[in-house]
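**Q** Just to be clear, the model below is a prediction. Sequence and coordinates:
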Amino acid sequence: MSEKNRIGAKVKLVRENRKLSIDDVSERTNLSVNSIESIEKGELIPGLTPLIKIARVLGVRLGTFMDDQQELGPVLMRSDTKKDENIVTRFSERNNAKSSDLDFYALARNKADRHMDPFIIDVFPSSGENIKLSTHEGEEFIYVLAGNIEVVYGKDKYELCAGDSIYYDSIVAHHLHSKGDQPAKILAVVYTPA
């Protein structure tokens, strides 16, 4: 069953507010028109790399695509709200993905002018099919809450279990997935320069 990409409508709204056509965004990001249309229509589960490229062209943070409204003061997230299906954002680094590899639950939704994006992420086992490494400007901090994950970082692989952490530069090609056949849960903090 296909999972609807919930951020596509937000990408389209921001693009239209910036008065840019899909062709404009395609040219500036080197993404195909079909890929951008599929993301906006919610037909595919996008990867982080294309979304970061689109965010940079539109002049917004990646988190903007997940925000509902801006809060100037502190943003409080209660434990019972982070698993709400209405705020999950699904990602995949596979071509033409119809299911999620990573379910992101934003912990700082709507915080105006933030420089970091913290998430709780459900990490699913690797399907092994057409996985692409992600690369983008910035840094990532990963702390494993439950289960085991494998992080591919450049030519190296790191296995992490609950309580382990890793901090890396996102410009180096990377990918993470659950190790074995069980999902894992991580806390991730992503910094992408504006």
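**A** Okay, I see it. Numbering: from 1, shown residues only.
**Q** spatially speaking, which residue is in the middle of this structure?
**A** Centroid check for the chain by C-alpha atoms, centre = their mean gives Leu48 as the closest residue, at 4.5 Å.
**Q** Local confidence estimate at that residue?
**A** Note for Leu48: predicted pLDDT of 78.
**Q** Hmm, Gly63 and it touching each other?
**A** No - between Leu48 and Gly63 there is no contact under C-beta atoms under 8 Å: 11.8 Å. Just so you know, the C-beta spots here come from the backbone N, C-alpha and C atoms, and that holds for glycine as well.
**Q** got the residue ranges for the helices in this structure?
**A** 8-17, 22-29, 33-41, 48-58 (DSSP state H).
**Q** Any idea which of those helices gets closest to Tyr158?
**A** In terms of C-beta to C-beta, the element of the helices of the chain nearest to Tyr158 is helix 48-58, at 18.5 Å.
**Q** count of neighbours near Asp181?
**A** As a burial measure, Asp181 scores 7 neighbours (other C-beta atoms under 10 Å).
**Q** Give the closest residue to it in space, chain neighbours not counted.
**A** Pro125 (5.5 Å; C-beta to C-beta, 6 or more residues apart in numbering).
**Q** Can you get me a residue count around that neighbour?
**A** Pro125, neighbours per other C-beta under 10 Å, totals 17.
**Q** so what's it up against?
**A** His177, Ser178, Lys179, Gly180, Asp181, Gln182, Pro183 (C-beta atoms under 8 Å, 6 or more residues apart in numbering).
**Q** Also Val152?
**A** With C-beta under 8 Å, 6+ apart, Val152 has these contacts: Leu133, Ala173, His174, His175, Leu176.
**Q** How about the first one: what's its closest non-neighbour residue?
**A** If I follow you right, that is Leu133. In space, Leu133 is closest to Ala173, 3.7 Å off (C-beta to C-beta, 6+ apart).
**Q** quick one: the one you found from His136, how far?
**A** 10 Å (C-beta to C-beta, to the nearest Å).
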